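Engineer: Give the three-dimensional model of this entry:
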Amino acid sequence: MNPRIILALAHILVILPFLFYIGFSRAGLPQGIYNFLIILGALIAIYHLMRLINKNKLGLSSTMWINAIHLLFIAPLLIYIGINKRDTPRAAYELLLILAFGGFGYHLYNLILETQVHMD
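Structural biologist: Now for the predicted structure:
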């Protein structure tokens, strides 16, 4: 199967629902989730930093913005929520929801593009 389809489905079915859960639950999250968010944020930052460096070396600048968004917004936000736990301001959860809704639209759009059948 096309890796872009798998990536879009993974985000739509697993990753984004988890971010929606965090954003909607807010301070009602179980305590154990906060430590997981710190680890997850750190892993996302490391992975997307490596991808950003490799894409820069290969000259793939047209897709570097995706890795930059993960590195500059998503990873720090998850770490911030994980560190502040139940004292996290409402704005952080709302920003996470904005990013999750945007990610949902982006991945749904890509899924539709990748699954279209072209009869030329």
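Engineer: Next, the buried residues of stretch 23-36.
Structural biologist: Applying a neighbour-count criterion of 16 or more other CB atoms under 10 Å, one finds 23, 26, 29, 33, 34 buried in stretch 23-36. C-beta: built from backbone N, CA, C; applies to glycine.
Engineer: quick one, what contacts the third one?
Structural biologist: Applying CB atoms under 8 Å, 6 or more residues apart in numbering to residue 29 gives the contacts 22, 86.
Engineer: And it, how far from residue 100?
Structural biologist: 15 Å (CB to CB, to the nearest Å).
Engineer: Equivalent analysis for the fourth one, please.
Structural biologist: Residue 33 is 15 Å from residue 100, where distance means CB to CB.
Engineer: Also the second one?
Structural biologist: Here the distance between residue 26 and residue 100 works out to 13 Å (CB to CB).
Engineer: What residues of the top helix by length along the chain count as buried?
Structural biologist: As assigned by DSSP state H, the longest helix anywhere in the chain is helix 31-58. Of the residues in helix 31-58, 33, 34, 37, 38, 40, 41, 44, 45, 48, 51, 52, 55 count as buried by neighbour count, 16+ other CB under 10 Å.
Engineer: Go through stretch 90-109 and flag the buried ones.
Structural biologist: In stretch 90-109, counting by 16+ other CB under 10 Å, buried: 92, 93, 95, 96, 97, 99, 100, 103, 104, 107.
Engineer: Can I get it as PDB, trimmed to CA atoms?
Structural biologist: What follows is the C-alpha trace of stretch 90-109 in PDB, where atoms were taken according to Å, rounded to 0.1, in the frame of the first residue of the first chain:
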ATOM      1  CA  ARG A  90      -6.800  26.600  28.700                       C
ATOM      2  CA  ALA A  91      -5.100  28.300  25.700                       C
ATOM      3  CA  ALA A  92      -2.600  25.400  25.400                       C
ATOM      4  CA  TYR A  93      -5.400  22.800  25.000                       C
ATOM      5  CA  GLU A  94      -7.200  25.100  22.500                       C
ATOM      6  CA  LEU A  95      -4.000  25.500  20.500                       C
ATOM      7  CA  LEU A  96      -3.700  21.700  20.500                       C
ATOM      8  CA  LEU A  97      -7.200  21.400  19.200                       C
ATOM      9  CA  ILE A  98      -6.600  23.900  16.500                       C
ATOM     10  CA  LEU A  99      -3.600  22.000  15.400                       C
ATOM     11  CA  ALA A 100      -5.500  18.700  15.600                       C
ATOM     12  CA  PHE A 101      -8.400  20.000  13.500                       C
ATOM     13  CA  GLY A 102      -5.900  21.400  10.900                       C
ATOM     14  CA  GLY A 103      -4.100  18.100  10.800                       C
ATOM     15  CA  PHE A 104      -7.400  16.200  10.300                       C
ATOM     16  CA  GLY A 105      -8.300  18.400   7.400                       C
ATOM     17  CA  TYR A 106      -4.800  18.100   5.900                       C
ATOM     18  CA  HIS A 107      -4.600  14.300   6.200                       C
ATOM     19  CA  LEU A 108      -8.200  13.800   5.000                       C
ATOM     20  CA  TYR A 109      -7.400  15.900   1.900                       C
END
